[in-house]
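1. pasting the sequence and the predicted model now:
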Amino acid sequence: REVHDPFCLEAAGLGSKLEVVLVQLPPRVEFESRAAGKFFSELRARVDALIACEPRHSRWGSGRANEFLARREVARVAADPCAWAGGDVPGGSDAFTYFRQHGSPRMYYSGYDEGALRHLCSQLKKTHASRNWCIFDNTVLGHAYANARTLAALLV
């Protein structure tokens, strides 16, 4: 594929290591099927990777939005903390899931205790997807690495 935009050129440099592209939407972006359809079609034509979307508006939690994402094989991120009730449950594509842990109660700063990590482990084990991604974004005070190591040990 011939790629002309800077993001896709840089991402293509990862080659086979590029497995998932995360699209994080601003809180003001509501689900609108026509605009979202055009966006995801254009992104899919530019990158050869799985696509995960982290919407932060509650309208993306609707059944209609979930079906829309599933048809396009886009995973809706299960985020913590979540922006709306149910936003902590993966949606969209059933081929893979994507969990994004920002730290709770204070985003980016707080670490997760063992109880929270055991709950996350349980969620990951319950998925029917063949691939699961879990990203820790609580990096400000260095909790991400320790949380990821603990989760990995729990998943064994």
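-> Everything's here; your move.

2. please make it C-alpha for all contacts and neighbour counts, starting now.
-> OK.

3. where exactly do the strands run in the chain?
-> Assigned by DSSP state E, the strands in the chain fall at 20-24, 50-54, 74-76, 78-80, 91-92, 96-101, 131-136.

4. pretty sure L124 is in contact with N132, am I right?
-> Yes. Counting by C-alpha atoms under 8 Å, L124 touches N132, with 7.0 Å between them.

5. tally up the residues packed near E32, please.
-> 11 (other C-alpha atoms under 10 Å).

6. show the pLDDT at it.
-> Here the pLDDT value assigned to E32 is 97.

7. now D5
-> With respect to pLDDT, D5 has a value of 83.

8. go on, E10?
-> E10 carries a pLDDT value of 89.

9. between L124 and N132, point out the one with more neighbours.
-> L124 (20 against 14).

10. could I get the contacting residues of the more buried one?
-> N132 (C-alpha atoms under 8 Å, 6 or more residues apart in numbering).

11. now it: how far from F31?
-> L124 sits 26 Å away from F31, going by C-alpha to C-alpha, to the nearest Å.

12. tell me which residues form a beta bridge with Q101?
-> D80, F136 (DSSP bridges).

13. and it, how many neighbours?
-> Q101 has 25 neighbours, counted by other C-alpha under 10 Å.

14. the nearest residue to W84 once chain neighbours are set aside: neighbouring residues, count only.
-> The shortest distance from W84 to any non-neighbouring residue, by C-alpha to C-alpha, 6 or more residues apart in numbering, is to S58 (5.5 Å). Counted with other C-alpha under 10 Å, the neighbours of S58 add up to 18.
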